[in-house]
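S.K.: Show me how the following folds:
(chains A and B)
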There are 2 protein chains.
Amino acid sequence: MVDFTPVATNIVDELAAIVGSANVSTGESELDLHSHDQSFHAPHRPEVIVWANDAQQVADVLKLANERRIPVTPWGVGSSLEGNPIPLHGGILLSLRNMNKILKVHADDFQVTVQPGLPYKDMNKDLSRHGLFFPPDPGANATIGGMLANNAAGIRTVKYGASKDNVLALQVALADGRLIRTGSRSIKQSAGYNLTQLFVGSEGTLGVITEATLKLSPIPEFSSTMIAAFPTVEQAIEAVVSVKGSGVDVAALEFLDTPASQTLVSRGVDIEPNPTLLMEVHNAHPESQEADVATVREICEGLGAASFVAIVDNTKAQAVWQARHKAYETLVQMFPTMKFHVMDVAVPISAYPEIIAFVQQQIMAGGVMAFLVGHAGDGNIHVTMPWQDEKSLASVKAMNSDIIHKAIELGGTATGEHGVGIGKAPYMADEHGAGLDVMRELKQTLDPHGILNPGKIFPTL
Amino acid sequence: MVDFTPVATNIVDELAAIVGSANVSTGESELDLHSHDQSFHAPHRPEVIVWANDAQQVADVLKLANERRIPVTPWGVGSSLEGNPIPLHGGILLSLRNMNKILKVHADDFQVTVQPGLPYKDMNKDLSRHGLFFPPDPGANATIGGMLANNAAGIRTVKYGASKDNVLALQVALADGRLIRTGSRSIKQSAGYNLTQLFVGSEGTLGVITEATLKLSPIPEFSSTMIAAFPTVEQAIEAVVSVKGSGVDVAALEFLDTPASQTLVSRGVDIEPNPTLLMEVHNAHPESQEADVATVREICEGLGAASFVAIVDNTKAQAVWQARHKAYETLVQMFPTMKFHVMDVAVPISAYPEIIAFVQQQIMAGGVMAFLVGHAGDGNIHVTMPWQDEKSLASVKAMNSDIIHKAIELGGTATGEHGVGIGKAPYMADEHGAGLDVMRELKQTLDPHGILNPGKIFPTL
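M.R.: Down below sits the predicted model:
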């Protein structure tokens, strides 16, 4: 472990000289606000908050921190779920909040160039007048920088890909204060190493994203939402695999078990609590829309769906998806005395029935409460488990660990979209084997003093 | 420049001990066969050819070469177009030809795990019985290893992405003889650095791919080929931008200028030589197929197309695409005394009219013969120019250089799909700026003695 330098007053002054004194704070309430994300991981305060206003300021802060051996943790809005932006070793919390502008809309190219602190829902609202949107949709109003650093995904990944699939070019500040550009605005490129993809998903441990050019998609002309309820989880999961294999290019394919479907009911969605599939198709023509809905209906009904509803009214459909997005908040409201741990694993779609069966066994054996919500079309499952005290947290963690090992054994991953952060670091050796050594070597090359978001991704020895 | 060790007899013996003496050759004809690719770049012989039979043999060869400081150049079938597999510094030519098996078809997951020496057309023939195919389609029957190392793309990238977009996991042998695995079979993954994408496109300079798990797509139920002829290049290019912006998800959108369209005519395609767009749509339903064709027809006719033909008969359509794929061979047959230089640049689609106009000005000003063929839907253009002697090659190279600089200036890239190899290395500093230094640092980390495909990607000083 590197010995980091404490942030003394003179360093605060030097930071203020870079970003302006109004953009530096050591106030207690600010330190507390930036000490935790949305996860169960223990909070840890930074020593100072710095709000950067442009890429050069980010680079200058990193250069200073690198020379003085001070940890730097980049921060979007703190909506992560694995402790990714918790400043575990104190030091500088580098907030990108003020770098929240759309720099240029390249409407003809279906592209936009933005600063990293821009929340994606705000961006999509603005882009709607061009008939375009950025498809990755994690739910919370995460920033673009945070989404890229984490490779966030969400419910529309099954059709449009994750954040990594929707980015063309970056500007990145490196630990030593260099500012580099990666990629280009050309869709096709084979000009050397793919630095863009090296920084995407690196959770701020290799550099800080200061600008991004994103790929956008046209807002679909026709969109249908479908809700299918099944008598058993097994039938619902069978339908997931069948719909995925049918050739219908679903834009969302979500699974909720009976307890989780309560979160929809309590938000006014007119269904009975049941193992439920929530689906969406995006089409360019009404004919293909009808054909897609008919195919999905046939599969679901053929596999024993108790009910199947197709919604074309946009307002009604939005209400359903809003309820889905708010599932976590709904649980928090339903059980106000509880805290929640959201697990995130993903497997190949053919192994989805097996991981779901395994999770159900675990829940039954543990006699615990759990809510299964999954981006099923991607083989991604979130098991949300309430806990109240150290003891119940310990059993939740044990179950989490078993489920992760099972996912890796099935050819999957410890994390489909929440990133590694603190919570998944212990599983990286199991998932990557000798590949983890290569990741360490890359980290050592680009951040030799280990100042960038220390304590994340790599298991501490 | 590193001082490499010559391959003496004892080293040939040690290589034979690894792969078997039947899989090592220093024969003149073999050395010649492996001294050049399909480009104009000067041939250079290796000192020895080694045919590896499995991943461990690849790793053992690299370990030996690394310890003795011997260059190793990986080889698929030598179909590259920028000198990528020419063993510039001699040493070991590591052929993956014998590692050409499909290891496992994961049909339910639309995935396949293969060895790197497998030619993609052979693989797709085999996969057709599962109703699946690997969409990247560079034309020549390249190997999967070569396609990934180069991030090859081709005519269907506009819908399905390039090689990089269709790979999930790799096994890679590193310079020091380690064998690592990257990625997983999960579609969603955010578990640390994206090593898969670091090796894809690295042209064998960071490691040798020994196994790959690819994403497959279902063979489309309905496919239509469309041919539109325009009075002028400008109108054809205007149609490219309009079709791309229309929301129709074209599976191919190819441009040929009048001289290039002759290559179709001479292969029996029933058209008049004209600026021509060759297009394809893939649909799940006949209704959407009809609607897509109608939309494309309306755009082309609205922009003054002299003719528009839609072909649904699969045999006729295959003949057209076969003619398109053979464009280069046709030119070689049409001008048997000439050699050809194929340029490859790509720009954002909004800049496509400008790069095409620039290329036309260059051709006019130079008074030279040229054939424009472009994967227009991706903003990718190939200018094919004949040459006969050093003098005409010099003017072709000068024009190539001007076009590359223009493409970079327009926010594009020096190479959309042919890779850097030897030919594009001089432009990497211009394209990447300080990012090129980071690429060098990564190269130094993973291949400290510079044994892996030396002389490629990085400009030599």
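
S.K.: any idea how far A:Phe133 is from A:Met123?
M.R.: 9 Å (Cβ to Cβ, to the nearest Å). Heads up, the C-betas are built off the backbone N, CA and C, glycines and all.

S.K.: Tell me which stretches of the stretch 351-461 of chain A form helices.
M.R.: Under the criterion DSSP state H, counting those that start in this stretch, the stretch 351-461 of chain A carries helices at the ranges A:352-366, A:390-409, A:428-432, A:435-446.

S.K.: near chain B at all, the third one?
M.R.: Yes. Using Cβ under 8 Å from any Cβ of the partner chain as the criterion, contacts between helix A:428-432 and chain B involve A:Met428, A:Glu431, A:His432.

S.K.: Now the first one. Nearest residue, chain neighbours left out?
M.R.: Take A:Met428 and drop its neighbours on the chain: the residue closest to it by Cβ to Cβ, 6 or more residues apart in numbering or on different chains is A:Leu436, 5.3 Å away.

S.K.: same thing with the last one?
M.R.: Take A:His432 and drop its neighbours on the chain: the residue closest to it by Cβ to Cβ, 6+ apart is B:Gly192, 6.6 Å away.

S.K.: A strand includes that neighbour, no?
M.R.: No. Using DSSP: H, G, I helix; E, B strand; the rest coil, the assignment for B:Gly192 is coil, not a strand.

S.K.: Number of residues surrounding it?
M.R.: 29 (other Cβ atoms under 10 Å in any protein chain shown).

S.K.: I'd say it and A:Gly201 touch.
M.R.: Yes. B:Gly192 is within contact range of A:Gly201, at 7.2 Å (criterion: Cβ atoms under 8 Å).

S.K.: quick one: contacts for the residue nearest the centre of chain A?
M.R.: In chain A, the residue lying closest to the centroid (Cα atoms, centre = their mean) is A:Ala152, at 3.0 Å. By Cβ atoms under 8 Å, 6 or more residues apart in numbering or on different chains, A:Ala152 lies in contact with A:Pro136, A:Pro138, A:Ala142, A:Gly146, A:Ala162, A:Ser163, A:Glu417, A:Gly419, B:Ser190.

S.K.: mind redoing it with 7 Å?
M.R.: The contact partners of A:Ala152, by Cβ atoms under 7 Å, 6 or more residues apart in numbering or on different chains, come to A:Pro136, A:Pro138, A:Ala142, A:Ser163, A:Glu417.

S.K.: so A:Ser29 is in which element?
M.R.: helix A:28-33 (DSSP states H and E).

S.K.: ok, and for that helix, which residues are buried?
M.R.: Within helix A:28-33, the residues that count as buried by 16 or more other Cβ atoms under 10 Å in any protein chain shown are A:Glu30, A:Leu31, A:Leu33.

S.K.: which residues sit in contact with the first one?
M.R.: Spelled out, that is A:Glu30. A:Ile49.

S.K.: how far away is the closest residue to A:Ser395 other than its chain neighbours from chain B?
M.R.: Spatially, and ignoring its direct neighbours in sequence, A:Ser395 is nearest to A:Gly366 (6.3 Å; Cβ to Cβ, 6+ apart). Per Cβ to the nearest Cβ, to the nearest Å, A:Gly366 is found 25 Å from chain B.

S.K.: pLDDT value on A:Gly366, please?
M.R.: Here, the pLDDT recorded for A:Gly366 equals 86.

S.K.: Now for it, how many residues are close by?
M.R.: The number of residues packed near A:Gly366 is 15, by other Cβ under 10 Å.

S.K.: Could you verify my assumption that it touches A:Ala398?
M.R.: No. Judged on Cβ atoms under 7 Å, A:Gly366 makes no contact with A:Ala398 at a distance of 8.4 Å.

S.K.: Turn the buried residues of helix A:28-33 into a markdown table, including pLDDT.
M.R.: Output for the buried residues of helix A:28-33, formatted as a markdown table (pLDDT from 0 to 100):
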| residue | pLDDT |
| --- | --- |
| A:Glu30 | 98 |
| A:Leu31 | 98 |
| A:Leu33 | 97 |
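
S.K.: which non-adjacent residue is nearest A:Ser184?
M.R.: The nearest residue in space to A:Ser184 (Cβ to Cβ, 6+ apart) is B:Thr413, at 4.8 Å.

S.K.: let me fix that: A:Asp257
M.R.: That would be A:Leu372: by Cβ to Cβ, 6+ apart, it lies 4.0 Å from A:Asp257.

S.K.: on that earlier part again, and the residue nearest to A:Ser184, what does it touch?
M.R.: B:Thr413 neighbours (Cβ under 7 Å, 6+ apart): A:Ser184, A:Ser186, A:Gln189, A:Ala191, B:Val345, B:Ala346, B:Ala407, B:Glu431.

S.K.: same thing but 8 Å
M.R.: Contacts of B:Thr413 by Cβ under 8 Å, 6+ apart are A:Ser184, A:Ser186, A:Lys188, A:Gln189, A:Ser190, A:Ala191, B:Val345, B:Ala346, B:Val347, B:Ala407, B:Glu431.

S.K.: What residues does the fourth one make contact with?
M.R.: The neighbourhood of A:Gln189, defined by Cβ under 8 Å, 6+ apart, consists of A:Gly183, B:Asn151, B:Ala346, B:Thr413, B:Thr415, B:Gly416.
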